[in-house]
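1. Sequence unavailable; structure follows:
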């Protein structure tokens, strides 16, 4: 590790080093549940991404991604929202940096109930109101907007993996959604 | 109302006046979900009171009660915890006054999904760890400690009225309970 | 109180009854600190109202007002924001009903450090991003937008009464403002 | 990095690798402000550690440390509390995993106002009530308990480095400390 040519991007990890770091350190993530709000702030719709998992299965996910070296949590959140929802989504980042929960994904089952085969990831999770038009990026097949009721239905809950269906329940509970 | 003899307890309402105020003003409440925590802070048990409703039905409730005139929210919370759980419960009031949710009960159905026939009540709701021994007061038949799984079961959920079963879900979501 | 003609507005209090209720019950309020956010959610400006106090003194205040009988907290918040900032302010009500703090005002000094000569008021306090144009209502002389630094300066802090300057500090701390 | 003998502790980083990771990835930390609470939950005292900085200067710090690979945030919090305050401190971990703030330390000045020469660290910060006796570990010279007023005094604030004095203000604001 000591003998190597100068690194042109010293703040970033090669794929190989990232792979290794993932076996050794918790990775810091941000996770966002995009929502539409009415004028009183009640959640009317939730945006869920439909993506192919590594096993080729279609799964529901949230906006999610790593916090890079020297990047603020807010900048990471905005970067991933723009990447996943497109440049016209107009996400409204919150005044407070406090997440609605801290989601801890482990490579094997744990107290948290959340799993991620690739790594130990700790995600700061936010509910993010979105006011503009959303165009999901290419590797997401679809962005679906659905009511809280539909998002909590058995059909949709069965499309989440790694325990993310519960994260959605936590997001809605945080929003005072109570039925 | 203007012609009356001097009120010996000017800070308190007569039953008649309280009845009238309940038709005119939102009443401020505190509500507490008592829990047992393990050393890491995970919720192991939830304390639910079993009480007779006005209709004589047995229902599950939380610790709950009014904030009195000139009483702080914290003092009201401690007073109701001691009244409902007994003097040896040793409830641990939180450092922060911020509730996990604001529960709005209305005399008729509303957006909030929470109802209370008697009044419009707004309850600041807290999850309160309890370390001592609990002896419920006389008008509560029983205090039951149960696991989060059992508290969320259909059987127990059906024993709540006024939407309080959802409040329990919100309390557990706030505690990061995720399954 | 028992002998009176039918009340045409049974859900509302006469001025006389409101005066009396204020001597007997805690009044439920909402309080909002209007802010401008940049695209990352950082607070760039805070909106402070300048009003004449009952003593004719010019004082700084936030958007504030009572929650009415059968009114949700969110509806009260929106009503007072529109009343104080005008119909084009476009306040963004939060997805979560949880306030950044619970501000307890008492008619005499207390642990909370907040006072209100007229009553015991308990305010659910929110930081509310505003994106439109604000035109304060007539009884407010002015709405001033200022940076967090200026709002926390001694000059501006001395224009608050009843301990509200500390509420502003709590609002900024909640927003992660850290300097 | 690819050719190396099998690692006997695959989940942990060598000092050299940790040094390198610190140049490439945000490090996940937990940070705890130990407090004494009265029976109503009001903060009566704050525990501050006095330590020698790398430059030999005496500085005030909080309980703080890394989250290890495959360790939960709660386990990391308890481990660092026990390490820094001793085995008899009896810290009360919160039911909720939500921190009072997310503190972002950068190796150079940034929007957050928090700095750490060694690394980009993101700390989940908690206010932790402590009920037992505290004996700081050997490399901390002293644990001082002081009132909120004293902790916010200019003298004590000047003993913090890296912006941590503001973190204390945020912790007290979160606790509703309002003066």
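-> Cool, the structure landed. All figures in this text were calculated on a predicted structure; none of them were measured in a lab. Residues are numbered from 1 along each chain as shown, chains lettered A, B, ... in the order given.

2. Spit out the contact partners of the nearest residue to residue A:173 once chain neighbours are set aside.
-> Spatially, and ignoring its direct neighbours in sequence, residue A:173 is nearest to residue B:173 (3.4 Å; Cβ to Cβ, 6 or more residues apart in numbering or on different chains). Yep, even glycine has a C-beta here, placed from its N, CA and C like the rest. Residue B:173 is in contact with A:101, A:169-170, A:173-174, counting by Cβ atoms under 8 Å, 6 or more residues apart in numbering or on different chains.

3. Give me the phi and psi for residue B:173.
-> The phi/psi pair for residue B:173 (degrees, to the nearest 10) reads phi -60, psi -40.

4. I'd like to know how far it sits from residue A:167.
-> 10 Å (Cβ to Cβ, to the nearest Å).

5. tell me, what's touching the two both at once?
-> residue A:101.

6. so how far is the host helix or strand of residue A:103 from its chain's centroid?
-> Taking DSSP states H and E as the definition, residue A:103 sits inside strand A:101-105. Taking the mean of its C-alpha atoms, strand A:101-105 sits 11 Å from the chain's own mean (Cα atoms, centre = their mean, to the nearest Å).

7. Same check on stretch A:46-58?
-> That offset, for stretch A:46-58, works out to 12 Å (Cα atoms, centre = their mean).

8. and that stretch, anywhere near chain C?
-> No. Residues of stretch A:46-58 are not located near chain C by Cβ under 8 Å from any Cβ of the partner chain, the shortest gap being 10.5 Å.

9. Report the rounded mean pLDDT for that stretch.
-> Taken as a whole, stretch A:46-58 carries a mean pLDDT of 89.

10. And for stretch A:76-93?
-> On average, stretch A:76-93 scores 95.

11. now check it, is it near chain D?
-> No. Residues of stretch A:76-93 are not located near chain D by Cβ under 8 Å from any Cβ, the shortest gap being 9.1 Å.

12. so does that stretch get close to chain C?
-> Yes. On the criterion Cβ under 8 Å from any Cβ, stretch A:76-93 is in touch with chain C at A:78, A:92-93.

13. just the strands in chain A please.
-> A:27-37, A:43-52, A:58-61, A:63-66, A:101-105, A:121-129, A:140-146 (DSSP state E).

14. can you give me how far the first one is from the chain middle?
-> Once both centres are worked out by Cα atoms, centre = their mean, strand A:27-37 turns out to sit 5 Å from its chain's centre.

15. other SSEs contacting it?
-> strand A:43-52, strand A:63-66, helix A:73-85, strand A:121-129, helix A:164-174 (3 or more Cβ pairs under 8 Å, 6 or more residues apart in numbering or on different chains; DSSP states H and E).

16. Give the buried residues for that strand.
-> A:27-37 (16 or more other Cβ atoms under 10 Å in any protein chain shown).

17. Please apply the same query to stretch A:83-91.
-> Within stretch A:83-91, the residues that count as buried by 16+ other Cβ under 10 Å are A:84-85, A:89, A:91.

18. same thing with stretch A:152-166?
-> Quick answer for stretch A:152-166 (16+ other Cβ under 10 Å): A:152, A:156, A:160-166.

19. Is chain D within reach of that stretch?
-> No. Stretch A:152-166 stays clear of chain D (Cβ under 8 Å from any Cβ), getting no nearer than 13.3 Å.

20. what's the spacing between residue A:176 and chain B?
-> Distance of residue A:176 to chain B, given as Cβ to the nearest Cβ, to the nearest Å: 6 Å.

21. Can you give me the distance of the residue in chain A that chain B sits nearest to to residue C:73?
-> Closest residue of chain A to chain B, Cβ to the nearest Cβ: residue A:173 (3.4 Å). In this view, residue A:173 and residue C:73 are 17 Å apart by Cβ to Cβ.

22. Report how many residues lie close to the nearest residue to residue A:65 once chain neighbours are set aside.
-> Leaving aside its sequence neighbours, residue A:65 sits nearest to residue A:80 (Cβ to Cβ, 6+ apart; 3.9 Å). Residues lying near residue A:80 (other Cβ atoms under 10 Å in any protein chain shown) number 21.

23. tell me the contacts of residue A:80?
-> Here residue A:80 is in contact with A:30, A:32, A:63-65 (Cβ under 8 Å, 6+ apart).

24. Same question for residue A:90.
-> Shown in contact with residue A:90 (Cβ under 8 Å, 6+ apart): A:130-132.

25. change it to 6 Å
-> A:131-132 (Cβ atoms under 6 Å, 6 or more residues apart in numbering or on different chains).

26. again with residue A:143
-> A:47, A:49, A:134, A:136.

27. Could you report the pLDDT at it?
-> 92.

28. partner residues bridging it?
-> When bridges are called by DSSP bridges, residue A:143 pairs up with residue A:49.

29. Would you quantify the distance from it to residue C:61?
-> According to Cβ to Cβ, residue A:143 and residue C:61 sit 42 Å apart.

30. ok, so of the contacts of residue A:143, who is nearest residue B:126?
-> residue A:47 (31.5 Å; Cβ to Cβ).

31. okay, and for chain A, where does confidence drop off?
-> A:1-12, A:138-140, A:178-179 (pLDDT under 70).

32. Close to chain C: what parts of it are there?
-> A:37, A:40-41, A:43, A:74, A:78, A:93-97, A:127, A:174-176 (Cβ under 6 Å from any Cβ of the partner chain).

33. Restricted to buried residues, select these in ChimeraX.
-> The buried subset of the residues of chain A next to chain C, as determined by 16+ other Cβ under 10 Å, is captured in ChimeraX by this line:
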select /A:37,41,43,74,78,93,94,95,96,97,127,174,175,176
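
34. Pick the one among the contacts of residue A:143 closest to residue A:15.
-> residue A:49 (23.4 Å).

35. Count the residues that sit near the closest one.
-> Around residue A:49 there are 22 residues (other Cβ under 10 Å).

36. Now do it against residue C:57, distance only.
-> From residue A:49 to residue C:57 the distance is 55 Å (Cβ to Cβ).

37. if we can go back for a sec, which stretch among the strands of chain A comes nearest residue D:147?
-> Closest approach to residue D:147 among the strands of chain A is made by strand A:101-105 (30.5 Å; Cβ to Cβ).

38. Run the angle between the closest one and strand A:27-37 for me.
-> Going by axes from the mean of the first three to the mean of the last three Cα atoms, to 10 degrees, strand A:101-105 is angled at 130 degrees with respect to strand A:27-37.
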